[in-house]
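Trainee: Need coordinates for the following:
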Amino acid sequence: MKLQCEVEVINRMLPTFGVRNRGKGTRAVLSIGRHEDKGSGQRASIYLMICTLKDKAGSRYKLQDNIEQVFSKFVQEGKATIRLKEPTVDICLSKADGCVLKNFISTVGLAHKGTDVTGVSLSRLIPAKTSEIEKPRAKMFITCKKDYPITTCFPYSLEHLQVSYCKLARVDMRMLCLKKLQKLDLSNNHIRKLPKTIGDLVCLQELNLQHNFLESFDVSLCISAWGNTLTSLDLSENKLKALPVQFGQLKELINLKLDENELVQLPFTIGKLSKLRFLSATKNKLPYLPSSFKMLNLEKLDLFDNPFEKAEPMVPDIHLKMPLSLLECASRVTINYRIPHSPHILPVTLCQELSMAKTCNCGRPCLNSFIKVIVLMNLHQVSQTVVLVDTMGGTDAPIVCYFCSLTCYSQFLDKYLQSSRI
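Mentor: Just a heads-up that it's a prediction; the model follows:
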């Protein structure tokens, strides 16, 4: 049995000589195994061996009837201390895997009592390899195809991985095993599609996919663990034409880049990104902004070079159905009174309809019966800093407005005409 962690061996006699301990652990590999004394006919004793970079051959400590006490209160945090009788030292362990450490301490206890450990996998007490002792690698940067690992795996301990300019056509499945990964940079490759399992990177906070050939962003990624972890997403310089409605579930996003794609619309749920502070979607094909856009609270917004349409509040697109259908009435009541609904209660198709409900200016919901108009909105209403929308220096952009009834639209029109006269 082996354990990789940081170790500090403290001699308990040092304070009596006025000597202080160093107080700092060293990266080491601990092994528990049998060590047979040559010439003795007795059964081999079980020893604990500690190997470090300075002492790869290792130091051995007998375990049977030689443990004074084991301090394991913080074993789940990767910390424990083994106090030996002879020599009078404390072996302090830290930064270990909690589950592995728990099993390791259990084996130490069995060895001390002399209990039969035939069912436990003991190690050979041989010098450790340098690769076993070295501190786990947290960062790796690959910016050339010839440096890309073909026969070796990525270090399991990686927290930041960059693989750029390697002409990757797909995401390497080996990357999906890096459960500690927090930052992943796959910019400047040839990736066309993301695997659904990439959403299993439960610690991922920053994802950079700039300058690839992505044509879609899968719905499953929006409803994955990323909804609680992902804070930065760069999808610029791809071939995206739309983003899924569920995109609004990435509620931890702070920075979002969508520049130089082929987007013809932003997801109408974008207003749910309450933590979003930086948004850029330059050089796309956006004719107008979704109605929920006015719910954003940004620090910087850049929508330069989009073919925005001319706002025409006096030319409504009418989809009113009178009288309202039973589905429309029931849907409005369900949303307005926040009645719980899920695929376990209602058909999946109906749940999808409810998730795509529009919000009227009055705050009430509407589904398939509404009036739609395009109005101008000054982007300073949603962002402290606005990069010019066009070359003329404007900061106004067209935004969609929905009205649940003719009454709501008439009230809006009255206010609009009054402000126009002023």
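
Trainee: so who does Ala80 touch?
Mentor: Residues near Ala80 by Cβ atoms under 8 Å, 6 or more residues apart in numbering: 70-72, 74, 93, 96, 101, 105. Any C-beta I mention is one placed from the backbone N, CA and C, and that applies to glycine too.

Trainee: Lowest-scoring secondary structure element of this protein by mean pLDDT?
Mentor: Ranking every helix and strand in the chain by mean pLDDT, DSSP states H and E puts helix 130-133 at the bottom, with a mean of 73.

Trainee: Now tell me what touches that helix from outside.
Mentor: Contacts of helix 130-133 (Cβ under 8 Å, 6+ apart): 2, 4, 27-29, 51-53, 56.

Trainee: Now, of the contacts of Ala80, which are buried?
Mentor: Among the contacts of Ala80, those buried by neighbour count (16 or more other Cβ atoms under 10 Å) are 70, 72, 93, 96, 101, 105.

Trainee: Val375 against Phe403, yeah?
Mentor: No - if you go by Cβ atoms under 8 Å, Val375 and Phe403 don't touch, sitting 11.2 Å apart.

Trainee: of the two, who's got more company?
Mentor: Counted by other Cβ atoms under 10 Å, Val375 and Phe403 do not tie: Phe403 has more neighbours, with 25 against 17.

Trainee: Residue ranges in this structure under the pLDDT threshold?
Mentor: The model of the chain has pLDDT under 70 over residues 17-23, 36-43, 116-121, 123, 420-422.

Trainee: Out of the contacts of Ala80, which comes closest to Glu206?
Mentor: Distance ranking of these against Glu206, using Cβ to Cβ, places Ala96 first at 27.6 Å.

Trainee: ok, the residue nearest to that closest one when sequence neighbours are not counted - how many residues close by?
Mentor: Distances taken as Cβ to Cβ, 6 or more residues apart in numbering place Cys5 nearest to Ala96, at 3.5 Å, with adjacent residues excluded. Around Cys5 there are 22 other residues, counting by other Cβ under 10 Å.

Trainee: measure Cys5 to Ile105 for me?
Mentor: 12 Å (Cβ to Cβ, to the nearest Å).

Trainee: Can I get stretch 410-418 in PDB? Just the C-alpha atoms.
Mentor: Only the C-alpha atoms of stretch 410-418 are listed here, as PDB (Å, rounded to 0.1, in the frame of the first residue of the first chain):
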ATOM      1  CA  SER A 410     -52.100  50.700 -26.400                       C
ATOM      2  CA  GLN A 411     -50.700  51.900 -23.100                       C
ATOM      3  CA  PHE A 412     -47.200  51.600 -24.400                       C
ATOM      4  CA  LEU A 413     -48.100  53.400 -27.600                       C
ATOM      5  CA  ASP A 414     -49.600  56.300 -25.700                       C
ATOM      6  CA  LYS A 415     -46.400  56.700 -23.600                       C
ATOM      7  CA  TYR A 416     -44.300  56.400 -26.800                       C
ATOM      8  CA  LEU A 417     -46.200  59.100 -28.700                       C
ATOM      9  CA  GLN A 418     -46.100  61.400 -25.700                       C
END
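
Trainee: when you give positions from now on, start the count at 9
Mentor: Fine by me, first position is 9 from now on; the one you just mentioned is stretch 418-426.

Trainee: Okay, buried residues for it please.
Mentor: Phe420.

Trainee: cool, and stretch 272-288?
Mentor: By 16+ other Cβ under 10 Å, the buried positions in stretch 272-288 come out as 273-281, 284-288.

Trainee: And for stretch 285-300?
Mentor: For stretch 285-300, using 16+ other Cβ under 10 Å, the buried residues are 285-292, 294, 296-300.

Trainee: returning to that earlier point: so the residue nearest to Ala104 touches Leu38, yeah?
Mentor: Yes - here Cys13 reaches Leu38: they are 7.0 Å apart, a contact under Cβ under 8 Å.

Trainee: so what sits against both of those two?
Mentor: Counting by Cβ under 8 Å, 6+ apart, the residues touching both Cys13 and Leu38 are Leu101.

Trainee: contacting residues around the closest residue to Leu38 other than its chain neighbours?
Mentor: Setting aside the residues directly before and after it, Leu38 is nearest to Leu11 in space (Cβ to Cβ, 6+ apart), at 4.4 Å. Taking Cβ under 8 Å, 6+ apart, we find Leu11 in contact with 37-39, 101, 104, 108-109, 112.
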